[in-house]
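J.: with the input below, show me the fold.
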Amino acid sequence: MRILPAVAAVLLVGCGGSNSSPEAVFGAAKKAAETKDWKGFYGCCDPENALQMLAGMVMAAGFSVMQDKEGEKELKELLRRHGLESDKPSAMKGDSKPDLATVKDPAACFGDLMAFCEKKSKSADMNTMMRLQGDLTDVKIDGDKATGTVALKNGPKTPIAFVRLNGSWYLSEGR
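T.: Here you go, the predicted structure:
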């Protein structure tokens, strides 16, 4: 996904109840990001790539506490609460992939990691990181895939991809 660093399909929470079109899922994801409903945001993402996105957040959280022993302990406890036991801090820093199959509720874990990163990050604007502050333009649908552009006011334009699975649209990596 171009929205976050992106292994198996998972059941996700709903995405604001409406993902009948790329525009609808983008709007729901944008609203979830604006209200810091990261669990809801996770539900807007392609279920077939959601665990990869979660792995990216585990690594981002690990990087956010690299020089912070207290933060590292806090992150380790957060991961433990979600079923990710890691005796190796290197797993939190991207040196190895965490085993996400043990995560009980991936959406809740993602939400907690986003909140953790916002708290620990020097540049804690996750909306900017998610690139959802702009308007969706130039949507082109081709079967079960779609592309568009997020146009920021006085800023760059960023491509975004969508995928339709079982009749519902999700933010995607453009597979």
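
J.: mind listing the strands for the protein?
T.: Taking DSSP state E, the strands of the chain run over residues 135-142, 145-151, 157-165, 168-172.

J.: with respect to burial, which of those strands scores highest?
T.: strand 168-172 (a mean of 24; mean count of other C-beta atoms under 10 Å). In short, each C-beta sits where N, CA and C put it, glycine included.

J.: what is that one packed up against?
T.: helix 22-34, strand 157-165 (3 or more C-beta pairs under 8 Å, 6 or more residues apart in numbering; DSSP states H and E).

J.: in CSV: these, plus mean pLDDT and distance to residue 141.
T.: Below are those laid out as CSV (pLDDT from 0 to 100; distance: least, C-beta to C-beta, whole Å):
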stretch, mean pLDDT, distance to residue 141
helix 22-34, 92, 7
strand 157-165, 92, 8
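
J.: can you lay out the ones you listed as TSV showing distance to residue 118?
T.: Output for the helices and strands packed on strand 168-172, formatted as TSV (distance: least, C-beta to C-beta, whole Å):
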stretch	distance to residue 118
helix 22-34	11
strand 157-165	21
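
J.: who wins for proximity to residue 76 among the ones you listed?
T.: Residue 76 lies closest to helix 22-34 among these, at 26.5 Å (C-beta to C-beta).

J.: how far off centre is that closest one?
T.: How far helix 22-34 lies from its chain's middle: 13 Å, per C-alpha atoms, centre = their mean, to the nearest Å.

J.: so which elements touch it?
T.: Right, helix 22-34 is packed against helix 38-42, helix 126-130, strand 135-142, strand 145-151, strand 157-165, strand 168-172 by 3+ C-beta pairs under 8 Å, 6+ apart.
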